[in-house]
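>>> sharing a model that was predicted from the sequence below.
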Amino acid sequence: MTKTVLITGCSSGIGRATAEAFLEDEWTVYATARDEDDIADLDDAGCETAELDVTNAREVERVVDRIADEQGRIDCLVNNAGTAQFGPLEDVPTDALDDQFDVNVYGPHRLIRAVLPHMRDREAGRIVNVSSVTGFLATPGEGAYSASKFALEGLSDALRNEVDQYGIEVVLVEPGPVATEFEQRVEASRDRLERSGAYEAIYGIQDDRAAIEASDTFGMAPEAVATTIRDAATVTDPDPRYPVGRLAKAATLARHLPDRARDRVWGLLRRVTSLRR
């Protein structure tokens, strides 16, 4: 019988590429997005589509119930939907931090709670949570985003050992920079900031990074992450974590550096950026 996957955040980038990757593997794919019009072409390609805002508990319940009724099974959940609130923490309003967690942490939690009863009944299933390299290595100007991804990693680690007894596996995928996405997210998230004027060097570092990633010098294609997500969903005995990209794999080593050593690196980078501006 064809396996069924539910993927959130399919309107663009990693989510869209992931839906296409599972479809190529002949899964029954339920691709979702906040606006179903954004994924009409995925419907044309063969996906089942649905409107789903992960911050809306009723929509989560409706979509999961639909899949259970139509397919009788949910083999895999890919929690990909996410948003990014960048900016120094003093400049980030608390309501913006709350919204960051609503999408990146509470959203996956809502989906997990909805699908687990179905997976437990079958004593099989896999949950793939899309985290980030910043989920284990926080950087200045990304505190809100990193905090949400750190939380998702902690949630996943606990869940993995809670549901193992039911034949359910939990996997984290940790991408490094993805081409073009960072620049768009930085610009969108700055609308909500209350800039104090005290952290211009940090904003400068983010602008430089956005320019580099937009040029594809360091940013990887969404398809590379999608391939890893699909593989993490299908491989026998998956690893708990899959860093994606050279920078992500290098960062797994950097997180073992002493905290003071990492702080000195960021201090040096801030000074160099300040001198150039």
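Structure's in. What do you need?

>>> helix or strand right after the helix or strand hosting D65?
Using DSSP states H and E, D65 falls within helix 57-71. Using DSSP H and E, the helix or strand that follows helix 57-71 in sequence is strand 76-79.

>>> what is the neighbour count of the residue lying closest to A144 once chain neighbours are set aside?
Once flanking residues are discounted, A144 sits nearest to Q85: 4.3 Å by CB to CB, 6 or more residues apart in numbering. No exception for glycine: its C-beta is placed from N, CA and C like everyone else's. By the criterion of other CB atoms under 10 Å, Q85 has 26 neighbours.

>>> show me what contacts Q85?
Taking CB atoms under 8 Å, 6 or more residues apart in numbering, we find Q85 in contact with 92, 96-97, 99-100, 144-145, 189, 192.

>>> could you confirm it falls within a strand?
No. According to DSSP: H, G, I helix; E, B strand; the rest coil, Q85 belongs to no strand; its state is coil.

>>> what about it, distance to D95?
10 Å (CB to CB, to the nearest Å).

>>> just R113 next, same as before
24 Å.

>>> repeat for P177
From P177 to D95 the distance is 28 Å (CB to CB).

>>> try I67
33 Å.

>>> quick one: which of the two has more around it?
For I67 versus D95, neighbours defined as other CB under 10 Å are more numerous around I67 (22 against 9).

>>> which pLDDT value belongs to that one?
The per-residue pLDDT reported for I67 equals 98.

>>> kindly report the same for G176.
G176 is given a pLDDT of 88.

>>> swap in L257?
73.

>>> what about it, neighbour count?
By other CB under 10 Å, 13 other residues sit near L257.

>>> distance of it from L137?
Per CB to CB, L257 is found 10 Å from L137.

>>> circling back: which of the contacts of Q85 sit farthest apart?
Y145 and R192 (12.7 Å; CB to CB).

>>> so between these two, which is more surrounded?
The neighbour comparison of Y145 against R192 (other CB under 10 Å) goes to Y145, with 26 against 17.

>>> so who does the nearest residue to the more buried one once chain neighbours are set aside touch?
Closest residue to Y145 apart from its sequence neighbours, by CB to CB, 6+ apart: A84 at 4.8 Å. Residues near A84 by CB under 8 Å, 6+ apart: 100, 145, 185-186, 189.

>>> which of the residues you listed sit farthest apart?
Based on CB to CB, the longest span within the contacts of A84 runs between Q100 and V186 and measures 14.1 Å.

>>> who's more crowded, the two?
Neighbours per residue, other CB under 10 Å: of Q100 and V186, the larger number sits with Q100, 25 against 20.

>>> give the contact list for the more buried one.
Contacts of Q100 by CB under 8 Å, 6+ apart are 83-85, 144-145, 147-148.

>>> pLDDT added to the residues you listed, as TSV?
Formatted as TSV, these follow (pLDDT from 0 to 100):
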residue	pLDDT
T83	93
A84	92
Q85	94
A144	97
Y145	95
A147	98
S148	98
